[in-house]
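Student: Below are the sequence and a predicted model for it; my questions follow.
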Amino acid sequence: MKRSLVGISTLLVMSSALAACGGNSNSNSSSPSSTPAPAANTTEAPSKGTGEKVTINLWSFTDEIPNMTKKYMETHPDANVEFKTTVIATTDGAYQPALDQALSAGGKDAPDIYAAESAFVLKYTQGDASSYAANYSDMGLDDQMVKDAGIAQYSVDIGSLDGKLKALGYQATGGAFIYRRSIAKDVFGTDDPATIKTEIGPGWDKFYDAAAKLKAKGYGIVSGDGDIWHPIENSSDKGWIVDGKLHIDPKREEFLDLSKKLKDNGYHNDTTDWTEAWYADMSGAGAQPIFGFFGPAWLINYVMNGQVKDTNGDWAVSEPPTGFFWGGTWLLANKDVTKDEAKKQAVADFVKWITLDTSETGLQHYWANGTMKEGEQGTKDSVASSVVMSKSNGEVPLLGGQNMFDVFVPANANASGKNLTQYDETINKLWRDQVREYTAGNKDRAKAIETFKQQVKDQLGIESE
């Protein structure tokens, strides 16, 4: 998820880790906060051929992707390759400057493959650093492969520049509405996802109708206004920057009113995401019982799973009032790898295995089914390929055995990747702060907007329309 949405600086590392699903037990990863300094490791594949090994320099901000190299070695015993991995946490913004310097310096130590999360991926696919990235097609990874794998369009759009694909992910982070079954039965008479979908949407009017019904029985519909921000942000028609100037999309401006409506009517517990109060609402221990949360599969797997306590199994997922995504990690290759045929092929094979391989020995099949470790059931996750999810088992205990892929496949398809900018991390933080100032009664609506515009100008040098 985007670190800009946390709102508390001490939690930025946690947010970044979750954006990458850094806690995924599929990969035996650890939080990036445990690796604040560059960490280089070498993993070699057994060579059955002749010739010098190809060295691939792999950069990431958690050890999630570096750990994937071990599974790659197991499934590709003939690969004549070694990986040198560098992990630099996003703590205090350390990763991007180090990556930028390494890409700019070039040479044999430059990153051949590098990761970028949703908070800053556009800088590397479409923005200031996009010139370093190779086109997937130049590595032999063409558009037909993308179509055959059923990759969600939002992920393709984010990873493309002028129609040329430069990055893909292995996760899919399309969002759903995650709700309490017991509360659904009490208020709506059923916990069936197909019915709940029509109770809470489509559209925000129906969502607030549902909120009123829930309030009448003593429930809040969400924990805090941050829970509705992600679907609002990612369903807007345009991003924050249009023709070089700050643009406030009407759907994003409406967040002021929708947030105030939540607060004024007591439809939430007025929590801030990534705080103890937010977590308490997941376990049913908040000021009033909370019906649901908006989020992708990682919110279920890596956040709620550790917080739900007595509500475990009392949850389900339905399609949300509007399509959105939240978070994710994209994989890019340095354009210089195309200058050496052996390296180009080695990089392409690894990138393909992670992002486009739909076979049972591809990374995404292991990831979706939680089978990265032989004989051990790991965490199941929503993946980039709808083809893989359609033939995988997405049943999880937290959801009472519901196959979450039945919901996340359409959720991924309904998300949009055309409203992001490389400045979102900063601008989102400023916007959300001013919205809370308004809903708390500290500023009127006009003043909150005026302050927001001035802060964007002061911090980023971007004028308003």
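Tutor: That came in fine, so what should we check first?
Student: in the chain, which spans are strands?
Tutor: Using DSSP state E, the strands of the chain run over 39-44, 54-60, 81-87, 113-117, 160-161, 164-165, 167-169, 176-180, 241-242, 245-246, 292-295, 315-318, 329-333.
Student: dump the residue contacts of the closest residue to residue 323 other than its chain neighbours.
Tutor: In space, residue 323 comes closest to residue 414 once its chain neighbours are excluded; the distance is 3.0 Å by CB to CB, 6 or more residues apart in numbering. All C-beta spots, glycine's among them, are computed from the backbone N, C-alpha and C. By CB atoms under 8 Å, 6 or more residues apart in numbering, residue 414 lies in contact with 174, 319, 323.
Student: Over to residue 311?
Tutor: Residue 311 touches 180, 282-284, counting by CB under 8 Å, 6+ apart.
Student: again, only using 10 Å
Tutor: Residue 311 sits next to 180-183, 281-285, 289-290, 304, 398 when contact means CB atoms under 10 Å, 6 or more residues apart in numbering.
Student: Report pLDDT for it.
Tutor: pLDDT recorded at residue 311 is 95.
Student: how near is it to residue 208?
Tutor: 24 Å (CB to CB, to the nearest Å).
Student: Equivalent analysis for residue 380, please.
Tutor: Noted for residue 380: a distance of 33 Å to residue 208, by CB to CB.
Student: Please apply the same query to residue 141.
Tutor: Using CB to CB, one gets 44 Å for the distance from residue 141 to residue 208.
Student: what are the phi and psi angles of the residue nearest to the spatial centre of the chain?
Tutor: The chain has residue 327 as the residue nearest its centroid, 1.6 Å off, counting by CA atoms, centre = their mean. Note on residue 327: backbone dihedrals following degrees, to the nearest 10 are phi 90, psi -170.
Student: which residues of this structure score low on pLDDT?
Tutor: Where the chain drops to pLDDT under 70, the residues are 1-51.
Student: Kindly report the domain assignment for this structure.
Tutor: What the TED database lists as the domains of the chain is 54-173+327-390, 176-324+410-460.
Student: Adding distance to residue 404, write those domains out as JSON lines.
Tutor: Listed next are those as JSON lines, based on distance: least, CB to CB, whole Å:
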{"stretch": "domain 54-173+327-390", "distance to residue 404": "7"}
{"stretch": "domain 176-324+410-460", "distance to residue 404": "6"}
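Student: Which of the contacts of residue 311 fall within helices?
Tutor: 181-183, 281-282 (DSSP state H).
Student: among those, who's most crowded?
Tutor: Neighbour counts for the ones in helices among the contacts of residue 311 (other CB atoms under 10 Å) peak at residue 281, which has 27 neighbours.
Student: Tell me who's in contact with it.
Tutor: Residue 281 neighbours (CB under 10 Å, 6+ apart): 220, 222-224, 227, 268-269, 271, 287-293, 307, 311.
Student: So among those, which ones count as buried?
Tutor: 220, 222-224, 227, 268-269, 271, 288-293, 307, 311 (16 or more other CB atoms under 10 Å).
Student: For stretch 228-239, buried residues please.
Tutor: So, applying 16+ other CB under 10 Å, buried residues of stretch 228-239: 228-236, 239.
Student: Tell me which residues of stretch 259-269 come out buried.
Tutor: 259-263, 267-269.
Student: contacting residues around that stretch?
Tutor: 204, 207-208, 210-212, 214-215, 219-229, 232, 270, 277-278, 280-281, 286-291, 432, 435-436, 438-441, 445.
Student: isn't the residue nearest to the centre of the chain right next to residue 175, touching?
Tutor: Yes. Residue 327 is within contact range of residue 175, at 9.3 Å (criterion: CB atoms under 10 Å).
Student: now stretch 54-73: how far from the chain's centre is it?
Tutor: Centroid separation for stretch 54-73 versus its chain: 19 Å, with CA atoms, centre = their mean, to the nearest Å.
Student: Please read the previous query as pertaining to stretch 142-156.
Tutor: 18 Å.
Student: Extract the C-alpha trace of that stretch and format it as PDB.
Tutor: What follows is stretch 142-156 as a C-alpha-only set of coordinates in PDB (Å, rounded to 0.1, in the frame of the first residue of the first chain):
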ATOM      1  CA  ASP A 142       5.500  -9.800 -25.900                       C
ATOM      2  CA  ASP A 143       1.900  -8.600 -25.500                       C
ATOM      3  CA  GLN A 144       0.500 -12.000 -26.500                       C
ATOM      4  CA  MET A 145       2.100 -13.600 -23.400                       C
ATOM      5  CA  VAL A 146       0.500 -10.900 -21.300                       C
ATOM      6  CA  LYS A 147      -2.900 -11.700 -22.800                       C
ATOM      7  CA  ASP A 148      -2.500 -15.400 -22.500                       C
ATOM      8  CA  ALA A 149      -1.700 -15.000 -18.800                       C
ATOM      9  CA  GLY A 150      -4.700 -12.900 -18.100                       C
ATOM     10  CA  ILE A 151      -2.800 -10.100 -16.500                       C
ATOM     11  CA  ALA A 152      -5.000  -7.400 -15.000                       C
ATOM     12  CA  GLN A 153      -5.100  -4.300 -17.200                       C
ATOM     13  CA  TYR A 154      -4.400  -1.900 -14.300                       C
ATOM     14  CA  SER A 155      -1.000  -3.600 -13.700                       C
ATOM     15  CA  VAL A 156      -0.200  -3.400 -17.400                       C
END
